[in-house]
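[1] Sharing a sequence plus its predicted fold:
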Amino acid sequence: EVQLVESGGGLVQAGGSLRLSCAASGFTFDDYVIGWFRQAPGKEREGVSCISTSGLGINYADSVKGRFSISRDNAKKEIDLQMNSLKPEDTAVYYCNAALPGRGQQYWGQGTRVSVSS
């Protein structure tokens with residue numbers, strides 16, 4: 001059974017930090033590009049960051065550049081998102097996504113809620 005299980009969400013004050021983790025199982029993790037997405041209330045889901053299969057290719061949304069850092073551990077089948085200098089506009093449900101390049105196959109986690117108070 002394919003699983004992506006996010007953890008680490010919570011309530012934090014503006015300027016604070018959180019570290020999200022996503023534990024993967026049930027598929028060949030090394031072959032998948034991993035991404036973090038988020039969906040704020042009343043808004044569409046948006047991409048936050050993604051990391052290539054090797055971990056060498058990384059992209060960030062402009063809104064989080066310089067504040068968020070993504071990493072992956074292929075041995076542990078885990079992806080982390082370190083979020084620093086959090087802002088109220090970072091409040092959203094954060095989802096982990098695994099996508100097989102060129103195949104259109106992808107999996108989603110159930111999401112973890114992040115709330116940033118001003």
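    In hand now; what should we look at?
[2] Assumed residue 89 was part of a helix.
    Yes. Secondary structure assignment places residue 89 in a helix (DSSP: H, G, I helix; E, B strand; the rest coil).
[3] show me what contacts it?
    Residue 89 makes contacts with 40, 63, 116, as judged by Cβ atoms under 8 Å, 6 or more residues apart in numbering. In short, each C-beta sits where N, CA and C put it, glycine included.
[4] Please produce a PyMOL select command covering the buried subset of those residues.
    In PyMOL, a selection of the buried entries from the contacts of residue 89 looks like this (16 or more other Cβ atoms under 10 Å):
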select buried, resi 116
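[5] wouldn't residue 55 be in contact with residue 72 here?
    Yes. In this structure residue 55 lies within contact range of residue 72 using Cβ atoms under 8 Å: 5.2 Å.
[6] More neighbours: which of the two?
    Neighbours were counted for residue 55 and for residue 72 using other Cβ atoms under 10 Å; residue 72 has more, 23 against 14.
[7] Where does the more buried one sit: helix, strand or coil?
    Recorded secondary structure, residue 72: strand (three-state DSSP).
[8] Next one: it from residue 66, what distance?
    Computed as Cβ to Cβ, to the nearest Å, the residue 72 to residue 66 distance reads 20 Å.
[9] And for residue 30?
    Separation of residue 30 from residue 66 (Cβ to Cβ) stands at 28 Å.
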